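Asker: turn this into a structure:
(one chain, ligands or ions: 2)
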Amino acid sequence: MSRTSAESVAGKLGLAGPEDLLFHFPRRYEDRTRWLDPLTVGEDEWVLVRGTIEAPRAMRWRGGRGSFELTLRAPDDAYTIPLVWYNMPFLKQYLAAGRELIAYGRVSVSGNKRKLVHPEFELNTADDADIHMNRIVPVYPSTSGLSQRAIRQAVYALLFKDGARFPEIHPAPDGLAGLDEAMHGIHFPASFTQQEECRRRLAFDELFAMQVLLALRRREARQFAKTRAADRAPLREQFLRALPFTPTRAQTRVFAELDRDLAAPRPMNRLLQGDVGSGKTLVAAYAMLRALERGENAALLAPTETLAEQHYRNLRKLLEPLDVSVRIFTRNKKTGDAALFDRLRGIVYVGTHALFQDKVELENLGLGVIDEQHKFGVNQRRAFLAKGRHPDLLVMTATPIPRTLCLTLYGDLDVSVLDELPPGRKSIRTVLRAAEELPRVWSFIRREIAAGRRAYIVYPLLEESEKTDLKSVRAAYAEMQEIFGAGEVVMLHGKMEPDEKSVAMEQFRHGQRHVMVATSVIEVGVDVPSATMMVIEHAERFGLAQLHQLRGRVGRGAEQSYCVLVGDPKTPEGWQRLKIMEDTQDGFVLAEEDLKIRGPGNILGTEQSGLPPLRVANLGRDTQLLAQAREAGHQLITADPQLTKYPALRERLEKFRFTADPKGAN
Ligand code: ADP
Ligand code: MG
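Answerer: Ligands and ions are numbered 1, 2, ... in the order given. Next up is the predicted model:
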């Protein structure tokens, strides 16, 4: 029986089979040995209560909505408390008077009345009481139509009735729980202390798997020995002499790091982190010149057409005077030989994904640069590199990455940091505003426009949606035309055709239109120095790193710039989070906060990293485990790169493209 029910539960959760159910870890636990009295705890506290259902009653309001309410009477008449759910009339069928109920919810207080609104609940029955009661019970991520009870029962059966066993598949440091204990205890811990021990062991395994893969990638990337041609003619001096400014100290330091990499026999594999505006393009150009000096060509990959075109314009300015041909490849644009050169010193290709399509040939590619690299997946990175023979690689990101995360996701790369902005940057004044204050913001924008400056207004969604009452770009576009005049507003979003996008960008850049209503597509690569206003509506819907990126679109010229965050966070923490934007412009500080609040996946698109997921590891907290996993992972790969001694581990990692095959590396 247990197997079929486990199969059906796994199926409903979208998992491949019962084995995966055991890796479907609880999202929280309820201590069903401790019940709280909801009448004595503070307002808004979460309580776990149980009792008998009394007087279940469905109310109907006008317009088809309604609520369902009942009174819960605690054992021994300790207290009674109302429970209420809105728009869930079907609950009437299940929650009949006299039944035993367990509920978990937040105590809401109005006047001297208390109730639980929308608590999670479970009917308590005598069956399998030892699974669901008088212990710490797991609460799982679930889907509608699947009860906690059913999941819990299925997992319990697999673990304790079928007797699932988990033999060790790789070494783990002393002091951590065994894998078998951990897999049992993560679901049904005997205490919260044991739960944490079990979680730590599983977190170690997740981090370890990730580090082993990174060590393999690093090894793979380094195995090839490049023969580096002697420099032909120097371009870099000429280039630096022609610059209208002096490189910052940080840029100069990174130049030296690149020089060292590009003299070594193994291909360069470097991540360049630098906040918005720190001058990464210059560093990219420097690296590319180095390849050109040796008679190789270089390519720069960007995630959006807008950004590719901007790079194309900038690089032409910087490189064409040196007889370097800059060419662009995007979905709709392909320029070949716009400029003619007396003596061609090399080619720099700039483009979007179009750059690594099959039919495009990047002749003699010696070095590739990927801008905003977190917008690309591992496989795209590979496809790009496959255009050359082990080309040197520089990947760049403007999203500052906290150190722990960097070691985790980019453990296979060397890291350079531009921790300094070019001199003379004005700080951007950032303020939080409620939606009611928008009319004053619009007046302010009118004054800026009158002075020839420009404003961005950003929304989280392109279209209206049934599910939310967020304002969309499309709706706002119409509204802003009313407010500022139809001839003043352009719209930009990801669904537009490439030439529509270019037209909109150019109209805004050249000041035919002064207001741009956009989605977060403008987060990267939009560079209009006369834009001084960035208004972000529904700001609470964006991550801090993303808000920071958006804010980086202004403050690029000589004028004072402003960022207005318009929001309606529902919680004090939500306000607190936006407050940080007012207080700091340091991208690293914001990234650390984001990591704490939202976890790594949301910041960088972990799904794209091609690494195993982190389900229980917490990069904010598990730094010591991460260090241990890194150490152990590297040792293992040094000693046994084929994982011959650990076939089960090898098999588990296979699906993340285990590529330690020495043939593949040459
Ligand atoms: P990002 O790191 O965000 O890609 P960019 O490379 O676009 O930054 O540079 C932002 C702006 O700063 C550009 O207009 C660029 O010309 C300018 N810039 C870069 N380096 C310096 C410098 N050392 N001194 C002054 N301006 C600089
Ligand atoms: Mg840039």
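Asker: now the host helix or strand of Leu207: average pLDDT?
Answerer: In the assignment (DSSP states H and E), Leu207 maps to helix 192-223. Average pLDDT, helix 192-223: 90.
Asker: tell me which strands and helices that helix is in contact with?
Answerer: strand 28-31, helix 179-185, strand 269-274, helix 403-409, helix 623-639, helix 647-654 (3 or more Cβ pairs under 8 Å, 6 or more residues apart in numbering; DSSP states H and E). In short, each C-beta sits where N, CA and C put it, glycine included.
Asker: avg pLDDT for the first one?
Answerer: On average, the pLDDT along strand 28-31 is 91.
Asker: buried residues in that strand?
Answerer: 29-30 (16 or more other Cβ atoms under 10 Å).
Asker: and the helices and strands packed on helix 192-223, which one is worst for confidence?
Answerer: helix 403-409 (a mean of 72).
Asker: does Gly452 fall in a helix, a strand, or a coil region?
Answerer: Assigned by DSSP: H, G, I helix; E, B strand; the rest coil, the conformation of Gly452 is coil.
Asker: picking that back up, and ligand 1, which of the helices and strands packed on helix 192-223 is closest to it?
Answerer: Smallest distance to ligand 1 across the helices and strands packed on helix 192-223 (Cβ to the nearest ligand atom): 4.9 Å, for strand 269-274.
Asker: do the helix or strand following the closest one and ligand 1 meet at all?
Answerer: Next along the chain after strand 269-274, taking DSSP H and E as the criterion, comes helix 280-293. Yes: Helix 280-293 is in contact with ligand 1 by Cβ under 6 Å from any ligand atom, via 280-282.
Asker: and the helix holding Leu207 with strand 269-274, angle?
Answerer: Counting by axes from the mean of the first three to the mean of the last three Cα atoms, to 10 degrees, helix 192-223 points 120 degrees away from the direction of strand 269-274.
Asker: for helix 192-223, buried residues please.
Answerer: In helix 192-223, counting by 16+ other Cβ under 10 Å, buried: 194-195, 197-221, 223.
Asker: just the residues you listed that are near ligand 1?
Answerer: Among the buried residues of helix 192-223, not one lies near ligand 1 by Cβ under 6 Å from any ligand atom.
Asker: excluding its backbone neighbours, what's nearest Thr430?
Answerer: Leaving out its chain neighbours, the residue that sits closest to Thr430 by Cβ to Cβ, 6 or more residues apart in numbering is Cys563, at 4.4 Å.
Asker: to clarify, my last question referred to Lys375.
Answerer: Spatially, and ignoring its direct neighbours in sequence, Lys375 is nearest to Pro303 (3.6 Å; Cβ to Cβ, 6+ apart).
Asker: Glu582 too?
Answerer: Distance criterion Cβ to Cβ, 6+ apart; nearest residue to Glu582, sequence neighbours excluded, is Thr430 at 5.0 Å.
Asker: that neighbour: which element?
Answerer: Using DSSP H and E, Thr430 falls within strand 429-433.
Asker: show me where the stretch 451-600 of the chain dips below the pLDDT cut-off.
Answerer: In the predicted model of the stretch 451-600 of the chain, residues 466-467, 525, 596-600 satisfy pLDDT under 70.
Asker: how about the residue of it found nearest ligand 1, what does it touch?
Answerer: Nearest to ligand 1 in the stretch 451-600 of the chain, going by Cβ to the nearest ligand atom, is Asp527, at a distance of 6.2 Å. Contact analysis of Asp527 by Cβ atoms under 8 Å, 6 or more residues apart in numbering lists 310, 553, 556.
Asker: again, only using 6 Å
Answerer: Gln310 (Cβ atoms under 6 Å, 6 or more residues apart in numbering).
Asker: i'd like the first residue to be 787 from this point on
Answerer: Got it, first residue is 787 now, which makes that one Asp1313.
Asker: indicate the residue of the stretch 837-986 of the chain located nearest to ligand 1.
Answerer: Counting by Cβ to the nearest ligand atom, the stretch 837-986 of the chain gets nearest to ligand 1 through Pro927 (37.8 Å).
Asker: for Val1312, see how far away the spatially most distant residue from the centre of the chain is.
Answerer: Most distant residue from the mean C-alpha position of the chain: Asp862, 49.5 Å away (Cα atoms, centre = their mean). Distance, Asp862 to Val1312, by Cβ to Cβ, to the nearest Å: 66 Å.
Asker: what about stretch 1235-1242, start to end distance?
Answerer: Distance across stretch 1235-1242, first residue to last, is 11 Å (Cα to Cα, to the nearest Å).
Asker: what lies in contact with it?
Answerer: Against stretch 1235-1242 from outside (Cβ under 6 Å, 6+ apart): 1231, 1300-1302, 1316-1320, 1339.
Asker: returning to what we had before: what's the host helix or strand of the residue nearest to Thr1216 packed up against?
Answerer: In the assignment (DSSP H and E), Cys1349 maps to strand 1348-1352. Here strand 1348-1352 touches strand 1215-1219, strand 1317-1322, going by 3 or more Cβ pairs under 6 Å, 6 or more residues apart in numbering; DSSP states H and E.
Asker: and the strands in the stretch 1037-1186 of the chain?
Answerer: Along the stretch 1037-1186 of the chain, counting by DSSP state E, counting those that start in this stretch, strands occupy 1055-1060, 1083-1087, 1110-1115, 1120-1121, 1132-1137, 1151-1156, 1178-1183.
Asker: same question but for the stretch 1237-1386 of the chain, I mixed them up
Answerer: Along the stretch 1237-1386 of the chain, counting by DSSP E, counting those that start in this stretch, strands occupy 1240-1244, 1275-1278, 1301-1304, 1317-1322, 1348-1352.
Asker: same thing with the stretch 787-936 of the chain?
Answerer: 814-817, 832-846, 852-859, 866-872, 886-896, 899-903, 906-910, 922-925.
Asker: so which of these comes closest to Pro957?
Answerer: Nearest to Pro957, of all these, is strand 922-925, at 28.2 Å by Cβ to Cβ.
Asker: what parts of the protein come near ligand 1?
Answerer: So far as Cβ under 6 Å from any ligand atom goes, the chain lies against ligand 1 at 1031, 1033-1034, 1037, 1060, 1062-1068, 1184, 1208.
Asker: if I pick Ala963, what's in contact with it?
Answerer: Counting by Cβ under 6 Å, 6+ apart, Ala963 touches 983-984, 987.
Asker: and if we set it to 8 Å?
Answerer: Residues near Ala963 by Cβ under 8 Å, 6+ apart: 971, 983-984, 986-987.
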